[in-house]
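*Asks:* Next comes the sequence, and after it the predicted model I'd like to discuss.
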Amino acid sequence: MLAGLWKRIVSTRDILITSVLVIAAGLSFCFAMDWDAEEDIGLWLLFTLRGEVAPPPEAVVINVDDISEARGLPAEINVRGYTCDLRPTNRVRSFTGPIPRCLLAYLLGRIASAGPAAIAIDISFEKMGNEEEDRLLASQMREFGGVVGLRRIKSRLFTSDEHLMQELHPIIPEIEDAVFASGPFPIPTRPDRVNQFWTSHALFGDMATLPTLALLAPYRKALFKNATGPDAEEAISDYLKRNALPPADTVERLTQLDEAAQRTVSLLRHNESHYLNFYGGPGTIPVKDAFALLETDAFPDLAGKTVFIGQVHLDTYQQSDRFSTVFSQENGIDLSGVEIAATAFLNLHHQSTLKRTTPLVSTVIIVGIGLLLSLLVTRTPLYVSVPLVAGIAWMYTVIALSFFSGWQIWIPTITLYAMALFAIPLGMSFQLELLNIWNRLWVPGEEQAKMRTQRDPKSQPDQANALCLKCDIEDSTTATALSRQSSLYDGMDDYISQAGQIVKAAGGTFINPADDSFKAIWKIPLTKGKHWEAVVQCVFELSNLALRVDGPEGPIARRNRIGLSYGPISIGGMGMEGQRAFNAQGRPVILAARLEALNKELNTRILATANLAPYLVGAELRDRGEHYLQGFDEPIHVIEVRKRN
C-alpha cells in the first residue's frame, strides 16, 4: 500500500513540475545572486532576531575624539620632561590627528602602566608632526613594545577608464621604527553595508591587517626568544615592520607555543575575508573616554587586554569614521572603524567569525526544502498547505537562529521565504487551475471580452471621445538627486501604485506609467452626470497625491501637476510588430501634456481647456486666458481648476 502511494506521488506531473521550478528558483536566488539577498536581508534578519550579546572581555576601545576647550584640560602637561602645550594657539601647530601626539604619548604611558597585552592605534601617522612630539610618542611606543599602527588606504579614480586604484600610505619613519608592526584595515563594502573583513590582503603583498597584528602582538617576546645568529632579532623585527611573513624558524618557534599561536600563524598565511559576528550596535564593546581617563587617578583594569585607540562618536553629526552595518541605528549612528577592528579581533581571538555553509550543504538544504514545499502545496488543500508552509518557515527560522547563535553557522534563510512565496501560488495554479478558469470564476461574462482587449497590446486601437489626463511630479529632478536610491525606488513604486488605484476606482484607464508621469483616460460623454463628479473627485485626489522619499535633511514630498483635455482619441495596441504597447494617441492627449507643462509657468496645479468648465462639477474655476502651446497653431483658452474650500 505504501509502495503504491509513493509510486503515485512521484509519478504525478504536478509535483514533479512544482519541485523542479521551486528548487530551480531557490538555487538561482541563492547562488546566481552570489548570496546577495542572504547577505543583505538574511544576515539582518538573523542579527535582529538574535539581538545584542555581551562581547568577550579581551578588548577595550579608548575614544580620542577632537580636542576642545570644553574638556577642561590644563594648558600644559609634562610628559617625560617635555611640556605638552595644549593652548588653542599652539594646537594648530602640533595638530596631526584627533589628539596631539604629545598627549597621545602621555595616554600611552598611562595605558602601558595598566599592563595590556597589546595596543592597536587606529590613527594615521602618515604626516610629520612636531619633531619633539614625534620622538616622544615613538619613545613611549618603543618602551611598551606591543603597539600596532595603522596604514591608511587611499583610493584614486582614473576618470579616463573609470579605474579605481588603491594605494597604501606609509607611516613616518620615526613611528614605523617604534611600533611592533603596522598594517591596513581594508573592509569589503557592499553597496549599503559592511559585513566582512580581511585577515591579510593580497592587493598589498599579503599584508596582515590591523586585527591580525593585534592578535600577534602578545607573542612578540616569543618571536625574539632564542634568536640565533647576529642581528637575528633585528631581522625578525624588520620583517614584522614591513608586515611580511616572518622567517621560517620564527614561525616554527611561534607554532610551538600553543593552539592560539598556531591559529595566528594560519591567519598570516591565508589572505581571506571573514564574516563579522557583530556583538551589537555602537558602544557595545566597552568604550572608555581618553580625556576622562586623563583626569582621574582610577584607571580601568586593562591587564591582559588588547586596547584599541581611535575615534568613536555616538553623535551622528560628529561621525567622521562610520560604517553602515546590521546594527546601524535609526537615528543615523553607525559603528566606527575602530569598533569594527575590535570586533574583528575578538572574532579571531575566539574563532567566532560567521561561517557560511558550503555550496554542497546549501544545495542539499534547498533541494530538501523545495521537495517538502512542493509536496505540501500540491498534495494538501490550500487551507491546510498555507498554514503548514508558514509553520515550516517559522520552524526553519528557529533552527537557523540556533545554528547562528550557538555555532556561528549561517545557513540560507531568506531563500526559504522566497521559495515559499513562489511555491504557494504555483501550487494553487495546479489545484484550482487558476491559469485557465480565473475569468470564468470571478469575472462576469459580459466583461470578459472587454478585459481581453482593454490592455492587450495586440488589440486593435479603438476610436472614442474621451477625457484625457496627463499627470507629472513637480520638481522631480531635485527630489531624485537628493534622495537615497533605495528610498527613491520604494517611494516611486508607492506613488505609481496609489495613482493607479485612484484612477481605476473612478472608472478610468491608467496607461503608460513612466518614471514620474502617467496618463489616464475616461471614455465618457460630454454631458453632465455622476461620471463627471467621480472624475473631478479623482483629479483632486491625484493632485494631493505626493511622491515621498528620504533626503539628507529629512523627508522630501513632491506633489503633482495635471492637465485635462477632451476629444476624439485612439486607444489600444500601438507600435510596430513585436514592439506594440497599450497606449493612447490624439490631439487631446498632446494638449493635456502641454497643459500639464503650462502649470509650471503659471504656478498652478490643475489646468483644463475652457470647454470643460460646465462639466467640472464642484470645482472652483479661474480663467487663465489664452495661451499659444507647442504644436498648436491657434491659442488655447485655459482655466485653472481648484477645489472649493
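*Replies:* Happy to help now that I have it.
*Asks:* drop to CA atoms for contacts and neighbour counts, all remaining ones
*Replies:* Fine.
*Asks:* now the closest residue to residue 510 other than its chain neighbours, which residues is it bridged with?
*Replies:* Computed as C-alpha to C-alpha, 6 or more residues apart in numbering, the closest residue to residue 510 that is not its neighbour in sequence is residue 520, at 4.7 Å. Taking DSSP bridges as the rule, residue 520 bridges to residue 469, residue 510.
*Asks:* Check what pLDDT residue 520 gets.
*Replies:* pLDDT for residue 520: 91.
*Asks:* That one: what's it in contact with?
*Replies:* 468-470, 503, 508-511 (C-alpha atoms under 8 Å, 6 or more residues apart in numbering).
*Asks:* top of those residues by neighbour count?
*Replies:* Neighbour counts for these, by other C-alpha atoms under 10 Å, peak at residue 468, which reaches 29 neighbours.
*Asks:* ok, now which ones touch that residue?
*Replies:* 519-522, 564-566, 588-589, 592.
*Asks:* Could you look up the SS state of the closest residue to residue 545 other than its chain neighbours?
*Replies:* Of all residues not flanking residue 545 in the chain, residue 559 sits nearest, at 6.1 Å (C-alpha to C-alpha, 6+ apart). Of the three states, residue 559 takes strand according to DSSP: H, G, I helix; E, B strand; the rest coil.
*Asks:* what's the next secondary structure element after the helix or strand harbouring residue 396?
*Replies:* For residue 396, the element it lies in under DSSP states H and E is helix 382-407. The first helix or strand that comes after helix 382-407 along the chain, using DSSP H and E, is strand 409-410.
*Asks:* pLDDT (mean, whole number) over that next one?
*Replies:* Here the average pLDDT along strand 409-410 is 90.
*Asks:* repeat for stretch 172-189
*Replies:* On average, stretch 172-189 scores 80.
*Asks:* Where does the prediction get shaky in the stretch 151-300 of the chain?
*Replies:* 155-166, 188-192, 201-206, 220-272, 296-298 (pLDDT under 70).
*Asks:* Per-residue pLDDT of residue 72, please?
*Replies:* Looking at residue 72, its pLDDT reads 57.
*Asks:* circling back: can you flag which of the contacts of residue 468 belong to helices?
*Replies:* 588-589, 592 (DSSP state H).
*Asks:* Give me the three-state assignment for the nearest residue to residue 616 once chain neighbours are set aside.
*Replies:* Excluding its sequence neighbours, the residue lying closest to residue 616 (C-alpha to C-alpha, 6+ apart) is residue 536, at 6.2 Å. Three-state call for residue 536 (three-state DSSP): helix.
*Asks:* Would you mind confirming that residue 536 is in contact with residue 614?
*Replies:* No - Residue 536 is beyond contact range of residue 614, at 11.9 Å (criterion: C-alpha atoms under 8 Å).
*Asks:* Same drill for the two, tell me which one is more crowded.
*Replies:* residue 536 (20 against 11).
*Asks:* one step back: so which of the contacts of residue 468 is the most crowded?
*Replies:* Among the contacts of residue 468, the one with the most neighbours (other C-alpha under 10 Å) is residue 564, at 28 neighbours.
*Asks:* check contacts around that one.
*Replies:* 467-470, 591-592, 595-596, 606-609.
*Asks:* With distance to residue 499 as added columns, please give these in TSV.
*Replies:* Rendered in TSV, the data for the contacts of residue 564 read as follows (distance: C-alpha to C-alpha, whole Å):
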residue	distance to residue 499
467	17
468	15
469	12
470	12
591	21
592	17
595	19
596	16
606	16
607	18
608	19
609	23
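*Asks:* leaving aside the residues next to it on the chain, what's closest to residue 523?
*Replies:* In this structure, residue 523 finds its nearest non-sequential neighbour in residue 466, 4.3 Å apart by C-alpha to C-alpha, 6+ apart.
*Asks:* my hunch is that the one you found is in a strand, does that hold up?
*Replies:* Yes - checked against three-state DSSP, residue 466 lies within a strand.
*Asks:* what's the neighbour count on it?
*Replies:* Residues near residue 466, counting by other C-alpha under 10 Å, number 22.
*Asks:* Contacts only, for it.
*Replies:* 521-525, 566-569.
*Asks:* wait, residue 587 sits on residue 567?
*Replies:* Yes - Residue 587 is in contact with residue 567 according to C-alpha under 8 Å; the separation is 7.5 Å.
*Asks:* thinking again about what came up before, I'd like to know how far the residue nearest to residue 510 sits from residue 145.
*Replies:* Using C-alpha to C-alpha, to the nearest Å, residue 520 is found at 75 Å from residue 145.
*Asks:* cool, and residue 571?
*Replies:* 81 Å.
*Asks:* Over to residue 22?
*Replies:* Using C-alpha to C-alpha, residue 22 is found at 59 Å from residue 145.
*Asks:* Looking at the two, which is more packed in?
*Replies:* A count of neighbours by other C-alpha under 10 Å puts residue 22 above the other of residue 22 and residue 145, at 26 against 20.
*Asks:* I'd say the more buried one and residue 370 touch.
*Replies:* Yes - the pair residue 22 / residue 370 is scored as a contact, 5.7 Å apart, by C-alpha under 8 Å.
*Asks:* So which residues of the stretch 251-400 of the chain form strands?
*Replies:* 273-275, 287-289, 306-310, 355-356 (DSSP state E, counting those that start in this stretch).
*Asks:* in the stretch 451-600 of the chain, which spans are strands?
*Replies:* Under DSSP E, counting those that start in this stretch, the stretch 451-600 of the chain gives strands at 462-473, 509-511, 517-522, 546-551, 554-574, 581-585.
*Asks:* how about TSV for those, with distance to residue 377 added?
*Replies:* Output for those, formatted as TSV (distance: least, C-alpha to C-alpha, whole Å):
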stretch	distance to residue 377
strand 462-473	42
strand 509-511	35
strand 517-522	39
strand 546-551	39
strand 554-574	37
strand 581-585	36
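*Asks:* Let me know which of the ones you listed is the nearest to residue 43.
*Replies:* With C-alpha to C-alpha as the measure, strand 546-551 is the member of those nearest residue 43 (23.9 Å).
*Asks:* so how far does stretch 535-553 reach from one end to the other?
*Replies:* 37 Å.
*Asks:* Quick one: mean pLDDT for it?
*Replies:* Averaging pLDDT residue by residue across stretch 535-553 gives 84.
*Asks:* From here on, call the first residue 27.
*Replies:* Yes, from this point I'll number from 27; that puts the last item at stretch 561-579.
*Asks:* quick one: contacts of that stretch?
*Replies:* 499, 505, 508-510, 513-514, 516-518, 521, 525, 528-529, 532, 581-588, 631-632, 642-645, 669.
*Asks:* Going by neighbour count, which of those are buried?
*Replies:* For these, a burial check counting by 16 or more other C-alpha atoms under 10 Å picks out 499, 505, 509, 514, 517-518, 521, 525, 528-529, 532, 582-588, 631-632, 642-643, 645.
*Asks:* What count of nearby residues applies to the closest residue in space to residue 532 that isn't next to it in sequence?
*Replies:* Among residues not flanking residue 532 along the chain, residue 560 sits closest, at 5.6 Å (C-alpha to C-alpha, 6+ apart). Neighbour count for residue 560, taken as other C-alpha under 10 Å: 17.
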